[in-house]
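> predicted model, plus sequence, below.
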Amino acid sequence: RGGYLPRERREIERMLRSGDIRAVVATNALELGIDIGSLDAVVMAGYPGTVASLWQRAGRAGRRQTSSLAVLVASSAPLDQYIVEHPEYFFGQSPEQAFINPDNAEILVNHLKCAAFELPVRDGEKFGPHETAVLCEFLSELGLVHHSAGAWHYTSDTYPADAVSLRAVTSDNFIVIDNTNEPRVIAEVSFPMALTALHEKAISLHEARQFQVERFDYDARKAYVRQVECDYFTDAIDYTQVKVLEEFDLRPLADASAHHGEVRVNRQVVGFKKVKLYTMENIGSGQLSMPEQEMHTTSFWLHFPAPFLERFPDLSPTERQNGLSGLGTALRTIAALLLMCDPRDLGVAMTEDLAAGLPAFEPNLYLFDAYPGGIGQSAPLFAGVERLLAGAADLIAACPCDSGCPSCVGPVGEIGERGKEAAGRFLAALQVKEG
């Protein structure tokens, strides 16, 4: 997995090549950048999120033109079930088109730092289509560049490329320190993942061993762990609020509407659940007080005004809310399929629209880019909203469960007895052609 230290990863790869070990359990860290020609079989636990990644993982075996075996073991996740029910999606087309956002400010500034390190940025010079004056002034305020003789010169003593991550928007990492015996660093974890995986009392896995987080030092970017043996894992509970900052575009959908714009996302991890291994029972919980994270990003969202919801008088307010929650789960599944991304790259949130003091329940259902500045995923969702809604309706209709399950809209315990029914009815109403 990606959190291993380089020395540990190289040792595992060496032993696999030499035959000292016959099998390795890995995350997608083994998907790229490694060529071990003697591998005969690959067993993939769950659909990785894209056709390209699935072919890439299957290609780890049979590198020497020998016969090989690739097996996909589907989980109950909605995306896995969709692929199993629609094998033509995988076998009948080439890998998907990737959506990116080259104008992401977080990424753009980091690349401009690297460019200034190589050559001074002249006045009036563009970086791609972008004017550099304002960006260079921002870097100057940080003490990274200095203006002289009609150009911006890199003046910091740091090497900027070291701070550019190839795997994430930010290169900020947390160090994991094992205090079981003598303190030692055992892993690095990215900033976004650390908040949900390394909070105090969290159970973390490293080299198939369980560790419990004893102390989470946010300011120092360190997590102190101790090896334990337990029969459960932890799952963080977060609270998310979304506020629209600027609306780029909108289009009507029956009595509802689809929107695309810039939003501010405030997210805070407020607790965690203890989930028993194998049975997946909830066996306990705990409260947390983690720092709130604020992020500006882009989002696609659906707005449900009161007239739309009034078309379902037999549904109680709670059942309507449960139906919208289940709808969000199905939409994220299909969105990940259409965008060639991991479902975790998209955040889902539902907030009430109480603008102008309206007392009615008029919620917005958001699918937002889970990275600062956005990475180009919300605009294609807005442009292809009909395909998104049709895919979600197909996913729900094809699932054989009665009232909801992890393969479609979520388990009944989370969305209620009528959550699946409500989500399906909402989708049918949204797809009605007017006129």
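Looks like it came in fine.
> looks like Q81 contacts I396 (just checking).
No. Q81 is not in contact with I396 according to CB atoms under 8 Å; the separation is 11.1 Å. All C-beta atoms are positioned from the backbone trio N, CA, C, and that covers glycine.
> which of these two has more neighbours?
I396 (25 against 21; other CB atoms under 10 Å).
> so who does that one touch?
I396 makes contact with 330, 408-409, 420, 423-424, 427, according to CB atoms under 8 Å, 6 or more residues apart in numbering.
> check P102 too.
The contact partners of P102, taken as CB under 8 Å, 6+ apart, are 108, 128.
> give me phi/psi at it?
phi -70, psi -10 (degrees, to the nearest 10).
> what about it, distance to G374?
11 Å (CB to CB, to the nearest Å).
> same check on G391?
Distance, G391 to G374, by CB to CB: 22 Å.
> looking at those two, which has the bigger crowd around it?
G374 (24 against 21).
> that one belongs to a helix, doesn't it?
No. Using DSSP: H, G, I helix; E, B strand; the rest coil, the assignment for G374 is coil, not a helix.
> pLDDT wise, what is it at?
pLDDT recorded at G374 is 83.
> please name the nearest non-neighbouring residue to it.
T298 (3.4 Å; CB to CB, 6 or more residues apart in numbering).
> state the three-state secondary structure for the one you found.
Per three-state DSSP, T298 ends up strand.
> OK, contacts around it?
The neighbours of T298, taking CB under 8 Å, 6+ apart as the test, are 101, 260-263, 368-369, 373-374, 377-379.
> what about those, which are in helices?
Secondary structure defined by DSSP state H assigns 378-379 of these to helices.
> apply the buried test to the contacts of T298 and list what passes.
Buried subset of the contacts of T298 (neighbour count, 16 or more other CB atoms under 10 Å): 101, 260-263, 368-369, 373-374, 377-379.
> would you reformat those residues as a markdown table and include distance to I203?
Listed next are the buried ones among the contacts of T298 as a markdown table, based on distance: CB to CB, whole Å:
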| residue | distance to I203 |
| --- | --- |
| N101 | 35 |
| H260 | 39 |
| G261 | 38 |
| E262 | 37 |
| V263 | 33 |
| F368 | 29 |
| D369 | 29 |
| G373 | 32 |
| G374 | 32 |
| Q377 | 31 |
| S378 | 34 |
| A379 | 38 |
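> just the closest of the residues you listed to G62, please.
Q377 (33.3 Å; CB to CB).
> so what does the closest one have for phi and psi?
Dihedral angles (degrees, to the nearest 10) for Q377: phi -100, psi -30.
> that one: what's it in contact with?
99, 298, 335, 339, 341, 345-346, 369.
> in helices, which of those fall?
Applying DSSP H to the contacts of Q377, the entries found in helices are 335, 339.
> now the contacts of Q377 as TSV including pLDDT?
Listed next are the contacts of Q377 as TSV, based on pLDDT from 0 to 100:
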residue	pLDDT
F99	61
T298	92
A335	91
L339	83
C341	77
D345	84
L346	90
D369	91
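> which of the contacts of Q377 sits closest to N181?
D345 (37.9 Å).
> in stretch 213-227, what counts as buried?
Across stretch 213-227, burial judged by 16+ other CB under 10 Å covers 213, 216, 222-225.
> strands - which of those residues land there?
213, 216, 222-225 (DSSP state E).
> closest to N110 out of the buried residues of stretch 213-227?
Nearest to N110 among the buried residues of stretch 213-227, with distances taken as CB to CB, is K222, at 23.9 Å.
> what sits against the closest one?
174-177.
> let's see that with 7 Å instead.
K222 makes contacts with 174-175, 177, as judged by CB atoms under 7 Å, 6 or more residues apart in numbering.
> about what we covered before: highest neighbour count among the contacts of I396?
Ranked by neighbours (other CB under 10 Å), the contacts of I396 are led by V409, which has 33 neighbours.
> look at it and give its secondary structure.
Applying three-state DSSP: V409 is coil.
> how about it: what's its closest non-neighbour residue?
G326 (3.1 Å).
> just to revisit the earlier point, any chance of the ones in strands among the buried residues of stretch 213-227 in CSV, plus pLDDT and distance to F248?
Below are these laid out as CSV (pLDDT from 0 to 100; distance: CB to CB, whole Å):
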residue, pLDDT, distance to F248
V213, 95, 40
F216, 93, 38
K222, 93, 40
A223, 94, 39
Y224, 96, 44
V225, 95, 44
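> ok, of these, which one's closest to A52?
When these are compared against A52 (criterion: CB to CB), the nearest one is A223, at 32.6 Å.
> residues in contact with M44?
57, 71-73.
> buried ones from these, can you make that a ChimeraX selection?
A single ChimeraX command is used to select the members of the contacts of M44 judged buried by 16+ other CB under 10 Å:
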select :57,72
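> in helices only, show me the contacts of M44.
Going by DSSP H, the helices hold R57 from these.
> mind checking which of the contacts of M44 are in strands?
Counted as lying in strands by DSSP E, out of these, are 71-73.
> can you tell me how far the residue of the chain positioned farthest from its centre is from D231?
Ranked by distance from the centre of the chain (CA atoms, centre = their mean), the top residue is A149, with 44.5 Å. In this view, A149 and D231 are 67 Å apart by CB to CB.
> same question, E137
56 Å.
> try I177
From I177 across to D231, the span is 25 Å (CB to CB).
> more crowded one of these two?
Neighbour count, other CB under 10 Å: between I177 and D231, I177 has more, with 17 against 11.
> name the nearest residue to that one, ignoring sequence neighbours.
Take I177 and drop its neighbours on the chain: the residue closest to it by CB to CB, 6+ apart is Y224, 5.1 Å away.
> can you name the residues bridging to the residue nearest to G374?
E262 (DSSP bridges).
> quick one: stretch 155-165 to chain centroid distance?
Distance, stretch centre to chain centre, for stretch 155-165: 26 Å (CA atoms, centre = their mean, to the nearest Å).
> and stretch 304-312, average pLDDT?
Stretch 304-312 comes out at a mean pLDDT of 92.
> and stretch 103-122, by the same measure?
Mean predicted lDDT for stretch 103-122 stands at 87.
> show me which positions of it end up buried.
Residues of stretch 103-122 classed as buried by neighbour count (16+ other CB under 10 Å): 104, 107-113, 115-117, 120-121.
> just the C-alphas of it, formatted as PDB.
Written as PDB, here are the backbone C-alpha positions of stretch 103-122 (Å, rounded to 0.1, in the frame of the first residue of the first chain):
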ATOM      1  CA  ASP A 103      -7.100  25.400 -14.000                       C
ATOM      2  CA  ASN A 104      -7.200  24.100 -10.400                       C
ATOM      3  CA  ALA A 105      -5.500  26.900  -8.500                       C
ATOM      4  CA  GLU A 106      -3.800  24.500  -6.000                       C
ATOM      5  CA  ILE A 107      -2.100  22.600  -8.800                       C
ATOM      6  CA  LEU A 108      -1.400  25.600 -11.000                       C
ATOM      7  CA  VAL A 109       0.500  27.500  -8.300                       C
ATOM      8  CA  ASN A 110       2.600  24.500  -7.500                       C
ATOM      9  CA  HIS A 111       3.500  24.000 -11.100                       C
ATOM     10  CA  LEU A 112       4.400  27.700 -11.500                       C
ATOM     11  CA  LYS A 113       6.800  27.400  -8.500                       C
ATOM     12  CA  CYS A 114       8.600  24.600 -10.300                       C
ATOM     13  CA  ALA A 115       8.700  26.600 -13.600                       C
ATOM     14  CA  ALA A 116      10.100  29.600 -11.800                       C
ATOM     15  CA  PHE A 117      12.800  27.400 -10.200                       C
ATOM     16  CA  GLU A 118      13.900  26.300 -13.700                       C
ATOM     17  CA  LEU A 119      13.800  29.800 -15.400                       C
ATOM     18  CA  PRO A 120      12.700  33.300 -14.300                       C
ATOM     19  CA  VAL A 121       9.100  34.100 -15.300                       C
ATOM     20  CA  ARG A 122       9.300  37.300 -17.400                       C
END
